[in-house]
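Trainee: got a sequence here, can you model it:
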Amino acid sequence: MKIRFTIPLVLPVTITGLQGTREINVALDTGASFTSIPWDVARDIGYDPATVTDRVELVTGSGIILTPLLAVRDVSLGELHAPDCQVICHDLPEIGGLEGVLGESFLKCFKVTIDYKEQMLEITDL
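Mentor: Numbers count the residues shown, from 1 in each chain. Modelled structure (predicted):
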């Protein structure tokens, strides 16, 4: 899959959970360890972040917080699928319609090439 991009690189992804599917806009973040989704999306697809026992530390502009960590059934970008993908639940500030971040927990499943000069992102299966 090849995508021409601008900065920030915003992509539509589909998150599939225990009881549903949601499409959200995420920013590609090669420095993020995990893909993040908002709390309401987690609830809409069948999870209760408040009861999740696995937590990870997240460094934010206002300090370190503990965020719920769970595995959703699938995160997909077009025809590319990352089954049982780990995501954290975190609400981003309302900026430009971004709802989450596409991080390493998704990207590690693929070969990712970013050509900044040509403004092309290429993601392929390993």
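Trainee: centre of the chain to the helix ranked longest in the chain, how far?
Mentor: The longest helix of the chain (DSSP state H) is helix 39-44. On the basis of CA atoms, centre = their mean, to the nearest Å, helix 39-44 is displaced by 13 Å from the centre of the chain it belongs to.
Trainee: which neighbouring elements make contact with the following helix or strand past that helix?
Mentor: As assigned by DSSP states H and E, the chain's next helix or strand after helix 39-44 is strand 55-60. On a contact count with 3 or more CB pairs under 8 Å, 6 or more residues apart in numbering; DSSP states H and E, strand 55-60 meets strand 63-77. Using the backbone N, CA and C atoms, a C-beta is placed for each residue, glycine as well.
Trainee: which pLDDT value belongs to Pro68?
Mentor: Per-residue confidence (pLDDT) for Pro68: 97.
Trainee: contacts for the longest helix of the chain next, please.
Mentor: Residues from elsewhere that reach helix 39-44, judged by CB atoms under 8 Å, 6 or more residues apart in numbering: 15, 17, 20, 22, 24, 48-49, 68, 70, 87, 89-91, 99-100.
Trainee: and what of stretch 20-29?
Mentor: When contacts are defined by CB under 8 Å, 6+ apart, stretch 20-29 is touched by residues 8-15, 35-38, 41, 44-46, 97-103, 121.
Trainee: mind checking which of those are buried?
Mentor: Buried members of the contacts of stretch 20-29, scored by 16 or more other CB atoms under 10 Å, are 9-11, 13, 15, 35-38, 41, 44-45, 98-103, 121.
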